[in-house]
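[1] got a sequence here, can you model it:
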Amino acid sequence: MPRLLIVEDNRLIREAVTEGFQVAGYDVVAVDRFSAAVDALERSGSTVDQRFDALILDIRLPDGNGYALAKRVRAQSDVPIVFLTAKDSESERVMGFETGADDYVVKPFSTKELVLRVGAILRRAGAGTDARSAVRYRLGDVVMTLDIDARRVDIDGAEVALTPSEWRILVELAGRPGQAVTREWILSECLDHPYAGAERTVDTHIANLRAHLGDDQWIETVRGYGYRFARATPLSE
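    Model prediction:
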């Protein structure tokens, strides 16, 4: 049973979301304050993702904000994070994704849709996209290893921590080396988002992914179109 932490100060929204996920088979811990969320995370163990499978965070909280909480979580875990907010501005969305969010839901929203979005994120985070074994690529003197089953990426033998969304984008692009894809395609296939002027959402995820990989050359920009995985040399095991 997936375990979920919901952080929302509005009682009616918190209770409705909690009930929706419980009906869908989730084990839910719901709190209304930043400090209570920190306590719940600390009680869950030394690493957050040992206990919680996903976090749903309201951005505006009485004693803090969701961005700060997400940064705290991201320092030790790649557990999926979904933000809830009353503001639908590009700057808010970009800030959310820059702090490591996997999705961003604007109030008012459908609880059923939120449950489906979180379920899709958990499926992406869990099993990868197919049954391929580990795949290795060489770009110059650097070797990348993608282990789909273990959901792990190594650069020259050192593991790189990625968020679920970054992992999905990398796996999908690496499966098409040299093939350019549009931002619309990344939103639809990797992030489960319709394309609605959200170019910066994709660009932010790509920037974060490049930073984690330590080299911009793995993910190339196709000007005026989108992105592609570099024409790296596949290596046999």
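
[2] and for the longest helix seen in the chain, what's in contact with it?
    Counting residues, the longest helix found in the chain (DSSP state H) is helix 111-127. The contact list for helix 111-127, computed with CB atoms under 8 Å, 6 or more residues apart in numbering, reads 2, 4, 16-17, 19-21, 24, 53-54, 56, 80, 82, 102-103, 105, 151, 164-165, 167-168, 190, 192. All C-beta spots, glycine's among them, are computed from the backbone N, C-alpha and C.

[3] apply 6 Å and report the result again.
    Helix 111-127 is contacted by residues 16-17, 20-21, 24, 54, 80, 102-103, 105, 164, 168, 192 when judged by CB atoms under 6 Å, 6 or more residues apart in numbering.

[4] which among those residues gets closest to A37?
    Checking the contacts of helix 111-127 against A37 by CB to CB gives A54 as the nearest, at 13.4 Å.

[5] I figured the closest one hits D78, correct?
    No - checked against CB atoms under 6 Å, the pair A54 and D78 is beyond contact range at 11.2 Å.

[6] between those two, tell me which one has more neighbours.
    Between A54 and D78, A54 has the larger neighbour count (other CB atoms under 10 Å), namely 24 against 20.

[7] report the contact partners of the more buried one.
    Counted by CB under 6 Å, 6+ apart, A54 has contacts 4, 80, 118.

[8] domain assignment for the chain?
    Domains of the chain are assigned by automatic domain parsing as 3-127, 135-235.

[9] all helices of the chain, in order?
    Counting by DSSP H, the helices of the chain are 11-23, 34-43, 66-74, 90-98, 111-127, 164-174, 183-190, 199-213.

[10] what's the most buried one of these?
    The highest mean neighbour count among the helices of the chain, using mean count of other CB atoms under 10 Å, belongs to helix 164-174: a mean of 23.

[11] what comes into contact with that one?
    80, 102, 121, 124-125, 129, 146, 190-191, 205, 209, 229.

[12] repeat that for stretch 65-72.
    Residues outside stretch 65-72 that contact it (CB under 6 Å, 6+ apart): 37, 57-59, 81, 83, 99-100.
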